[in-house]
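> no FASTA, just this:
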C-alpha cells in the first residue's frame, strides 16, 4: 500500500501552527502529513494593532475581521481542495480535532471518495442533533459554557464573528481557559499554546443538512480517539457521538481508541498520538467502493 498522507484539521481559534509538534513526531516515524488552515486562519487571520500591547478595547470591539462571513460551506470547499491534492499522492487519512470535526464531516458527506479513513480526536461529528443543540444535553452539563465570555472582546451579533481576547491577563479568564483546555499542563505550556490561538472565529457551525450522512460519510472507515481528561468535549459527549455514529452505520462502526489527557495535551505531548495514528496505517482496511 502506498504511504498515506495525514491531513490535519484544527479546531476553533486554532490553526496549522498547533500541529507542528505532532507533525515532527509523525515525520520521525516516517509518516507524511499536511496541516490545514481553514479560511481566515493562520496567515489569513486578522491580528489588529488593538490586540497588541497596550491593548485598545474599543478597537478590539469594532474593527472588522477577515473571518466575517466565512461559512461552513467555505471551509468545506477549502478542505476538499486540499484532499483532492493529497489524494493524487495516495491514500488520505483525515484527522480532525474539536470544531474541525464539523468541517471534516461535511467534507466526508460531499466527497467520501477522497478519504480512506476519517479520524476524530475529541471532535464534533453531529448525527442526531445540530451542534449547538448538543450544548443543552446532559453530556455537556459539566462544561463551563461561559469561559470564553470572560474574555469576549466584541458583540458577535454586531461584529459578525466571535472575537476573544486570548492576550488577557485577567486571572479569572486565564484560570478558566486553563481548566477548559490544558488543566494537565504546566502554566508555561498553557500560556505558550494560548499564544498560538487567534482572536477571531466564524459563526457558522452548519445545519441539519451537515450532520453525518450514512450514504456517504457512513462508507468511510472511521476512528474516534477519545481524550479521557477532556473538559471541553467531555468523555460522555464523545461517547454519545460514537454511539450515534455506530447506530447510523452499524455495519461500519468506529474503531475507538483512547488517549489520556485534556483537550490540548495530545498536541503539547504528541508522541502517543503520533504512535496511535501510525498504528492506523499498519493494517489498513481496503476502502469500500464509494461513488
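Cool, the structure landed. In this text the structure is predicted, and so the values were computed from the model without any measurement.

> can you give me the offset of stretch 147-166 from its chain's centre?
Here stretch 147-166 shows a centroid-to-chain-centroid distance of 19 Å under the convention Cα atoms, centre = their mean, to the nearest Å.

> Span of that stretch from start to end?
11 Å (Cα to Cα, to the nearest Å).

> now the closest residue to residue 130 other than its chain neighbours: how far from residue 122?
Excluding its sequence neighbours, the residue lying closest to residue 130 (Cβ to Cβ, 6 or more residues apart in numbering) is residue 208, at 5.8 Å. In this view, the C-beta of every residue, glycine as well, is placed from N, C-alpha and C. Using Cβ to Cβ, to the nearest Å, residue 208 is found at 23 Å from residue 122.

> Return the set of buried residues in stretch 93-105.
Within stretch 93-105, the residues that count as buried by 16 or more other Cβ atoms under 10 Å are 93-105.

> Next step: these restricted to strands.
93-98 (DSSP state E).

> Now pLDDT and distance to residue 47 too, for those residues, in CSV please.
Converted to CSV, these look like this (pLDDT from 0 to 100; distance: Cβ to Cβ, whole Å):
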residue, pLDDT, distance to residue 47
93, 98, 32
94, 98, 28
95, 98, 27
96, 98, 25
97, 98, 22
98, 98, 21
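
> Now distance to residue 281 too, for those, in JSON lines please.
Converted to JSON lines, those look like this (distance: Cβ to Cβ, whole Å):
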{"residue": "93", "distance to residue 281": "7"}
{"residue": "94", "distance to residue 281": "13"}
{"residue": "95", "distance to residue 281": "12"}
{"residue": "96", "distance to residue 281": "17"}
{"residue": "97", "distance to residue 281": "19"}
{"residue": "98", "distance to residue 281": "23"}
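
> what's the farthest-apart pair in the buried residues of stretch 93-105?
93 and 99 (19.3 Å; Cβ to Cβ).
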